[in-house]
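predicted model, plus sequence, below.
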Amino acid sequence: MKTLDAIVIGAGQGGTPLAKKLAKAGYKTLLVEKRWVGGTCINDGCTPTKNMIAHAAIAQRVRKSEQWGIHTPGMSIDFETIWQHKNKIVNQFRDSSVRGVEATEGLELLIGEASFIGHKAIQVKTPDGQTETYQAESIYINAGARPAIPEITGLSVTPYLTSTTLLELPQIPAHLVILGGSYIALEMAQLFSRLGSRVSIIERSPYLLPKEDADISACIKDILRDEGIAVYTHANVHNVEKHITGGVAVFLDKKHHPEIILGSHLLLALGRTPNTDTLCTQMTRLDIDNEGFIKINSNLQTNISGIYALGDIKGGPAFTHVSYNDYVIILRNLLENKGLNTNNRIIPYCMFTDPQLGRVGITEKEARTQNLPINVYTLPMTKVARAIESGQTQGIMKAVVHKETGKILGATIIGEQGGETITVLQMAMLAGMTCEDLRYQMFAHPLYAESVNNLFMQEPQ
Ligand SMILES: Cc1cc2nc3c(=O)[nH]c(=O)nc-3n(C[C@H](O)[C@H](O)[C@H](O)COP(=O)(O)OP(=O)(O)OC[C@H]3O[C@@H](n4cnc5c(N)ncnc54)[C@H](O)[C@@H]3O)c2cc1C
Ligand SMILES: NC(=O)c1ccc[n+]([C@@H]2O[C@H](COP(=O)([O-])OP(=O)(O)OC[C@H]3O[C@@H](n4cnc5c(N)ncnc54)[C@H](O)[C@@H]3O)[C@@H](O)[C@H]2O)c1
């Protein structure tokens, strides 16, 4: 068994930079990756979807161009070019990550699947069928998650796609039926609808995006329906089956929905399952929760001293920037003794529908559940100068503010550039600024950010 200073399992968004920095700091480090360097974000997540979303946005602009006096008759979509462009960008990002790893002295990259075989010891099964064994005092687990495939009657004999396999499909589905109504579902729904698919979304909860406030979910639902996407909420899937036409049939329980939805393709967007099962975490007695996520403390340390977990595999908000920030915490604590932790991290995110949904901090319903004294400010995009000038008036700005301190607890912006504009509020939260400070702050005119003044000039509820 080979002994190293550090082993990083999974070349995801936290693991890759961590492995490089550990090696640069003089730790003899092994980075084990079972598939592709870059993990979900680069290969199956953010990069390919955001590239395809950019293509779809152009299609939509052209479609709507006539309203602006620009005539573009004869528009058509060449999916092969879109698909190849997406693949090119993904390969470019992946290759650049591989080059970065390979150029790092003291870092060994091993392609293969790691699993624990004992306390701080792993085996790696390589693609050529060999098995190698390693041990290290420090082990960092960044093995991520994969699409969840829950038990649904008939699913085992029905063809289905996941977010990963949908991106590998070299054609536009005629009718994409999506189970789930959260981030993956909504981004994919609008993307493929704009490229020409008919799209139906089936969400079990009463609202799309069940974690968001009901007014925010309703706003997103209206936007998607306006584009011709069928949305069924509060809809229970009874069973699915392969249809005689070669497509799929989804049978619903709910009385006020059609009993059967027929589509050409079925996409499961029902959350993600942590990759702890294949890691054999019991061999090193790691604490795992009921859903399979690794339990960690606020320093990202597991129950075993020297073993850390970062990114999606530890549960909590599953975003690339969270995984990256986990790496920053671990590294700076190790090398700079900073004493950083995950407590009170202000976590932003952006759903890349068009318009975007930018979010930071807590929602109104979370604040009310915690019995916090709050003021809620809202401003529809129809009152934002920049939005009116640009013809992008769908959406809403919303902020939850502590009644006594005036500090911002959370905010949501559905709007063109919503993800960028929410960052203004995130920075204000980090700086401890109050809504009073922002009400009178000077921003360049006529940016979307300028509407932060107007948001806090509204009468709060
Ligand atoms: C379709 C889609 C779109 C998304 N869009 C966004 C977005 O716009 N913005 C955003 O912030 N987030 C987005 N996400 C979420 C984001 O991709 C993840 O939160 C992020 O990639 C998590 O990174 P990670 O570091 O935890 O792990 P991952 O990136 O998942 O990396 C884990 C790596 O570990 C490897 N691995 C697993 N098991 C083993 C093993 N036993 N041995 C060796 N290697 C192993 C895997 O092959 C993988 O490469 C999206 C996700 C999806 C699916
Ligand atoms: N822009 C972004 O940052 C971005 C984009 C895509 C994905 N992501 C990340 O990927 C993760 C996974 O996304 P996701 O959308 O798959 O999962 P999710 O866990 O966010 O949502 C799953 C949805 O499926 C619904 N559902 C569950 N079972 C169902 C059933 N049987 N029938 C109908 N609906 C059902 C749930 O109510 C929920 O709305 C997210 O947590 C997110 O952090 C981020």
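Here it is on my side, so go on. Ligands and ions are numbered 1, 2, ... in the order given.

which parts of the stretch 51-200 of the chain sit against ligand 2?
Remark: the part of the stretch 51-200 of the chain in contact with ligand 2 comprises 150, 179-185, 187, using Cβ under 6 Å from any ligand atom. Backbone N, C-alpha and C define where each C-beta goes, glycine included.

let's see 5 Å
Along the stretch 51-200 of the chain, the residues adjacent to ligand 2 under the rule Cβ under 5 Å from any ligand atom are 179-184.

by neighbour count, which of these wins?
Counting neighbours by other Cβ atoms under 10 Å, the top entry in these is residue 181, with 28 neighbours.

residues touching the nearest residue to that one once chain neighbours are set aside, list them.
Ranked by Cβ to Cβ, 6 or more residues apart in numbering and with sequence neighbours excluded, the top spatial neighbour of residue 181 is residue 203, at 2.7 Å. Taking Cβ atoms under 8 Å, 6 or more residues apart in numbering, we find residue 203 in contact with 180-182, 185, 210, 231-235.

remind me what the longest helix seen in the chain packs against, helices and strands.
In the chain, ranked by residue count with DSSP state H as the criterion, the top helix is helix 79-102. The elements that helix 79-102 packs onto, with contact taken as 3 or more Cβ pairs under 8 Å, 6 or more residues apart in numbering; DSSP states H and E, are helix 15-24, helix 39-43, helix 46-64, strand 107-111.

and it, what's buried?
For helix 79-102, burial by neighbour count (16 or more other Cβ atoms under 10 Å) applies to 82-83, 86, 89-90, 93-94, 97-98, 101.

quick one, that helix and strand 107-111 angle?
With axes from the mean of the first three to the mean of the last three Cα atoms, to 10 degrees as the criterion, the two stretches helix 79-102 and strand 107-111 enclose an angle of 140 degrees.

now do the closest residue to residue 111 other than its chain neighbours, the pLDDT please.
When the adjacent residues along the chain are set aside, residue 111 lies closest to residue 33, with 5.9 Å between them (Cβ to Cβ, 6+ apart). Per-residue confidence (pLDDT) for residue 33: 98.

list the contacts for residue 33?
Applying Cβ under 8 Å, 6+ apart, the residues contacting residue 33 are 10-11, 39, 109-112.

out of those residues, which end up buried?
For those, a burial check counting by 16+ other Cβ under 10 Å picks out 10-11, 39, 109, 111-112.

farthest pair in those?
Pairwise distances among the buried ones among the contacts of residue 33 were taken by Cβ to Cβ; the largest, 15.2 Å, belongs to 39 and 112.

give me the three-state assignment for the closest residue to residue 338 other than its chain neighbours.
Of all residues beyond its chain neighbours, the one nearest residue 338 is residue 332 (4.3 Å), with distances taken as Cβ to Cβ, 6+ apart. Residue 332 falls in the helix class when you classify it by DSSP: H, G, I helix; E, B strand; the rest coil.

list the contacts for residue 192?
Residue 192 sits next to 56, 172-173, 176, 199 when contact means Cβ under 8 Å, 6+ apart.

how much space between residue 137 and residue 329?
19 Å (Cβ to Cβ, to the nearest Å).

fine by me, we can end here.
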